[in-house]
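In: Got a predicted structure plus its sequence, pasted below:
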There are 4 protein chains.
Amino acid sequence: MALKAGVVGAAGYAGAELIRLLLAHPEFELTVITSNADEGQPLTAVYPSFVGACDLAFTRHDNPALKECDAVFMAVPHTAAMAQAPALLEAGVSVFDLSADYRLDSVEVYEAWYNAEHTSPELLKTRAFGLPELFPEGLARIAADAAAGKPVLVACAGCYPTATSLGAAPAVRAGWVDGTVIVDAISGVTGAGKRATQRTHFCSASDNFEAYGVGRHRHTPEIEQILGLKDRLVFTPHLAPINRGLLSTVSMPLSQEARSISLEEVVAHYEAFYADCPFVSVLPAGSLPRTASVEGTNACHIGLALHEASGTLIAISAIDNLCKGAAGQAIQCANLVYGFGETCGLPPVALPV
Amino acid sequence: MALKAGVVGAAGYAGAELIRLLLAHPEFELTVITSNADEGQPLTAVYPSFVGACDLAFTRHDNPALKECDAVFMAVPHTAAMAQAPALLEAGVSVFDLSADYRLDSVEVYEAWYNAEHTSPELLKTRAFGLPELFPEGLARIAADAAAGKPVLVACAGCYPTATSLGAAPAVRAGWVDGTVIVDAISGVTGAGKRATQRTHFCSASDNFEAYGVGRHRHTPEIEQILGLKDRLVFTPHLAPINRGLLSTVSMPLSQEARSISLEEVVAHYEAFYADCPFVSVLPAGSLPRTASVEGTNACHIGLALHEASGTLIAISAIDNLCKGAAGQAIQCANLVYGFGETCGLPPVALPV
Amino acid sequence: MALKAGVVGAAGYAGAELIRLLLAHPEFELTVITSNADEGQPLTAVYPSFVGACDLAFTRHDNPALKECDAVFMAVPHTAAMAQAPALLEAGVSVFDLSADYRLDSVEVYEAWYNAEHTSPELLKTRAFGLPELFPEGLARIAADAAAGKPVLVACAGCYPTATSLGAAPAVRAGWVDGTVIVDAISGVTGAGKRATQRTHFCSASDNFEAYGVGRHRHTPEIEQILGLKDRLVFTPHLAPINRGLLSTVSMPLSQEARSISLEEVVAHYEAFYADCPFVSVLPAGSLPRTASVEGTNACHIGLALHEASGTLIAISAIDNLCKGAAGQAIQCANLVYGFGETCGLPPVALPV
Amino acid sequence: MALKAGVVGAAGYAGAELIRLLLAHPEFELTVITSNADEGQPLTAVYPSFVGACDLAFTRHDNPALKECDAVFMAVPHTAAMAQAPALLEAGVSVFDLSADYRLDSVEVYEAWYNAEHTSPELLKTRAFGLPELFPEGLARIAADAAAGKPVLVACAGCYPTATSLGAAPAVRAGWVDGTVIVDAISGVTGAGKRATQRTHFCSASDNFEAYGVGRHRHTPEIEQILGLKDRLVFTPHLAPINRGLLSTVSMPLSQEARSISLEEVVAHYEAFYADCPFVSVLPAGSLPRTASVEGTNACHIGLALHEASGTLIAISAIDNLCKGAAGQAIQCANLVYGFGETCGLPPVALPV
């Protein structure tokens, strides 16, 4: 019998992507979708791609039916998630949170970067961090809890941290990297959210390319935490005129010892690192990833290059920011927590063109 | 046990879409993909979205393994299809042809518009026309043949004819339409094919909108045939800067008797007409279709409007030219021929954004 | 000595285009730009393309400096224009109005379509209609007034009416057209204005094509008026994922007598019709216009085709909706009113790619 | 009297941009355009934006009329330029070369990176390098030659080197930069040239973002030469789905002494550095450049940020790759060589939207 699932913040882009994935998932039944702003509206009025496929309408975030769910996926902004998660857990509902509220280990770092008081810091001790390829243990631990009938909390990783860390971790964890890592990454416009602003207006965003939030993007401390690169990470996000897609180009200075490694050895190391990870593909030397090739899927494609003269390793990784960078990763985590098989219900292949 | 399927012309856009759909289909096993130009290349070298999902490599069109298939999907240009289809049928293989070779009832019309001799006109008598919503009988007839173990031939309808006819047929078949029908339609650039030309160069096609082939497009006689509108159809195709998507705006002068019909009655008539068609959604009065909402799916969304002063019905229909307009429709036909259930294996929902 | 010019509603897209054109115009000096919403902001904060080129800041619409101008260009919505134009004229300032307020000859038609009372209907008698290629007499008449030192009012034609009428007028005025004319037109997203909405959000508008406002678009009565086609015009606007550009495909049923005309004769007739019009290019038979080829310019490219079987003439015209469809046309009108030479200061060539 | 100008390789994108700029330039008369592949074709057949504006047709590269020109602009690939430049100079014609043939000071470096023998290395001694903001002396030197009636040769800088160096030079020349500089840059698709390939096909390039040629791009030695950063530059180019535009994000590790500089001091230093450069705008702290804001112009917008924790200065610069990155820069150089005024004839403002 399928688990009952709800989506809080279902009218946003990540929320709509959760709906798409949950409708296609054999082990979940989507029963509740919430959006305070769109209360009462049918889903199809906001997202016409669901015409003929889903009759649900938006209810309010405080819909008591959420507490009847087995799992609730939260796609609301930070602070809104922690306003609701503790009560759901209390009610026995597992929570897969796509916001930043439970990602950072340190309450101080959270409060400094997000300019908000953390109201349920005790949950940080038990939550699992939702980036399965790099942190499988936490998910395995709470999978045991879930199997024992206990509600669990997963803090799913952000989009830039996911792509960047998947590209960098095999080198960083091998001890190859010394000095400051430069991350220049781009996101499609869905990354800026559904709110209509001058920046997301078609006439501003199309035919244009720009950087934004240099040195101030809130994903910075999350990447530093994942990779253990405190104060050694320069992260410059850019906005590209595509809907979905995130490409992270990570330039890593190699330690003296690591400079003798060949590109083929690097590729082999990455392949071994991700040997058990069904969503990560390490491309052969000479191939580089395209965001279009992972659109709508939970895949991460990684390409590698060496700049020998300066001893720099360049890892480039592509994901779909709304799928592997948000909703898909949440489902992947849920699959692991509930023992459904890591790829269960997730779309295998992007549109070829 | 799954049926063995092959794709001839698999490196083109419709071919790649067939691969995507067949890989996800529970009743087919894709065993052969052919492309003379890409012989020996792995599929992933040409379409990297298949990385990690498919290990097949392209073989030549004359690969004898095609004759071991149960069904072969042909996505080659006209004349290339009829060069190969008879031998496959002879060998007991069913053929789902996406080219124009077997679409037109009249050999004379074919030869006049395609400037080529038809080399297997006898097959026109037994082939079924592949537009299930409007021509279910032919497919039902050959489904019986298939059930009896006989190979069958389906001539799948073209992209513009599919969208245009689904928009116009309920009105035309009701006898409401009198006079010349104006069809202004747009296609995404995939409709122009995979060959790199100045017209399909990003720098020509992006940020631009234009008409092409006015009065000369080869889909004209096919639409005339489907709707019975010989010499009463003005078809003007346009090129829009999107990858996939086809929108057909059909302006139909109403007969004197039909002028008293209200928009609500029109909508109700269309809904009844398509009541048993799982892929067609008639939108409520006031709603109009978007190509993005059907991208990657086999859906057709239809919106309707009346211009009362001139007595004109405007039907606007949206499909994905590569899916419902090509590969998806072929799979839908195969589903009906083999009794798999009309929607079997076809993706239900477009990306919401 | 240059004439002093002001732009009211300068923060909108047509307003910004007026600024671009006026800055480059040798006979105007831009002295005032207004936007109530952006009061006090430098122009470059809203439109960074003016960095290094213009130091003006936005003031309020009631800036008294407007009355020191020789000419004020109004790029505010309907009703806002007529709230301000009479007082400017009273003060001796000529007004070039880009809104709909003074376009329609009939107050009744205006009030029915725009759902607003007309507060200065007396000005309709003296205003000139600003579509120089089709209505040169009115502009010539008020040019004499302007030469005599009197302030004048020009009601510049709308974007869809401009492209559609330039495509249709040579045939309609020749008496060739009989029956209902079908206009399917597309506009780039700038046509929807600068306000950020879900429809103009990049993630909705990109990779999508749709119709909108079918049968209800307010440019309908204006096109009917220009062409004299009351109740014989079906106008269906569409939205294309480009910033600028408007393509109008006009299908005109030919009268019995006109059916014997050849395409070459049609082209020759159009060329003669526009022989003295520097901004209109009639393309040779077989060529069709592209919106990209007129972007940023005041040009109109027209292509022609005949569908002989049904006796239909198809005229396709391309303009830049913000330039020839708005700001450029206003400057062209001003050039004629002030005797500067019709093309003075207007950019001659679009980016080739 | 205007100088006679010719464009060799006029059918490519940089060539077409040269035509656009030369037609609008008050001091040049464009008399010859060449393209072996398009010989005999009117310009308007290849670039319809010139309809009504230019009647020239393409001739062959060996058109003797080139030797009647005062200045020839060469927009052919490397090796093709040096095949023709010496004879033109010999004939007294000045050459503005947009190819790589005369950019690199070292014949050895050229031959290693371009895999071709340099056939006129003696010209490297007298040519001026065409990046006026950073190398004014060379242009001043040959301006004296030109004034004396001697033909001159300018090797115009490449697109990536121009944007990158303008962003980095003020810091590098001040001695602030220590260690390896990371350059992640994007170019619009025009940067890949006019040849239609699978990479430049609309359906591959749109909705996609990718890196290419990592560690192997031929602009690497040119940037190293300009900035004096041999083996200390990691250059990763990316392809963005825009027609024109180049954004270079340059991350520069600061020397110990430079780490105490504030962002305001950095901005002030950059402003002073470019005080006499009419095309360069240094944006205030907190503002970042957009490629759309410089499209079609010769402008370079530079934004700056500091990452204090790691001591890294990030300079981001935006240009139009075909204008300031190619044709516009060539005209700017010619303006300086002939004493026309640096900005003469170059378009001042991009489309605001």
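Out: Cool, the structure landed. Numbering: from 1, shown residues only, chains lettered A, B, ... in the order given.
In: longest helix anywhere in chain A?
Out: For chain A, the helix with the greatest residue count under DSSP state H is helix A:159-173.
In: residue boundaries of the strands in the stretch 251-353 of chain A?
Out: Counting by DSSP state E, counting those that start in this stretch, one finds strands in the stretch 251-353 of chain A at the ranges A:280-282, A:300-307, A:312-319.
In: residues of stretch A:141-154 that come out buried?
Out: Neighbour-count burial for stretch A:141-154, counted by 16 or more other Cβ atoms under 10 Å in any protein chain shown, picks out A:142, A:143, A:145, A:146, A:151, A:152, A:153, A:154. All C-beta atoms are positioned from the backbone trio N, CA, C, and that covers glycine.
In: I should have written stretch A:118-134 there, sorry.
Out: Neighbour count says stretch A:118-134 has A:118, A:120, A:123, A:124, A:127, A:128, A:129, A:130, A:131, A:132, A:133, A:134 buried, by 16+ other Cβ under 10 Å.
In: and that stretch, how far apart are its ends?
Out: One end of stretch A:118-134 sits 25 Å from the other (Cα to Cα, to the nearest Å).
In: All the helices of the stretch 51-200 of chain A, residue numbers only.
Out: Assigned by DSSP state H, counting those that start in this stretch, the stretch 51-200 of chain A shows helices spanning A:85-90, A:107-114, A:123-126, A:136-147, A:159-173.
In: Give me the residues contacting the shortest one.
Out: In this structure, residues lying in contact with helix A:123-126 by Cβ atoms under 8 Å, 6 or more residues apart in numbering or on different chains are A:85, A:86, A:89, A:102, A:104, A:105, A:107, A:118, A:142, A:153.
In: Which of those residues lies at the shortest distance from chain D?
Out: Nearest to chain D among the contacts of helix A:123-126: residue A:104, at 16.8 Å, using Cβ to the nearest Cβ.
In: if I pick the closest one, what's in contact with it?
Out: Listed by Cβ under 8 Å, 6+ apart, the contact partners of residue A:104 are A:110, A:113, A:124, A:221, A:222, A:225.
In: Could you do residue A:335 as well?
Out: A:341, A:342, A:343, A:344, A:345, A:346.
In: Grab the nearest non-local neighbour of the residue located most distally from the centre of chain A.
Out: Distance from the centre of chain A peaks at residue A:309, with 34.3 Å (Cα atoms, centre = their mean). Leaving aside its chain neighbours, residue A:309 sits nearest to residue D:231 (3.9 Å; criterion: Cβ to Cβ, 6 or more residues apart in numbering or on different chains).
In: taking the strands of the stretch 251-353 of chain A together, which one is wrapped up most tightly?
Out: Counting by mean count of other Cβ atoms under 10 Å in any protein chain shown, strand A:312-319 has the highest mean neighbour count of the strands of the stretch 251-353 of chain A, with a mean of 28.
In: That one near chain B at all?
Out: No - using Cβ under 8 Å from any Cβ of the partner chain, strand A:312-319 stays clear of chain B, with a minimum separation of 9.8 Å.
In: picking up where we left off before, specify the local secondary structure of the residue nearest to residue A:309.
Out: coil (DSSP: H, G, I helix; E, B strand; the rest coil).
In: Show me what the mean pLDDT comes to for stretch A:254-264.
Out: The average pLDDT for stretch A:254-264 rounds to 97.
In: can you list the residues of the stretch 151-300 of chain A near chain C?
Out: Counting by Cβ under 8 Å from any Cβ, the stretch 151-300 of chain A sits next to chain C at A:189-190, A:194, A:196-198, A:200-207, A:241, A:243.
In: please redo it, this time with the cut-off set to 10 Å
Out: A:188-208, A:210, A:239, A:241-244 (Cβ under 10 Å from any Cβ of the partner chain).
In: among those residues, which ones are buried?
Out: For those, buried by 16+ other Cβ under 10 Å: A:188-192, A:194, A:196, A:199-208, A:210, A:239, A:241-244.
In: which of the helices of the stretch 51-200 of chain A sits most buried?
Out: Ranked by mean neighbours (mean count of other Cβ under 10 Å), the helices of the stretch 51-200 of chain A are led by helix A:159-173, with a mean of 26.
In: Is chain B within reach of it?
Out: No - using Cβ under 10 Å from any Cβ, helix A:159-173 never reaches chain B; the gap is at least 14.1 Å.
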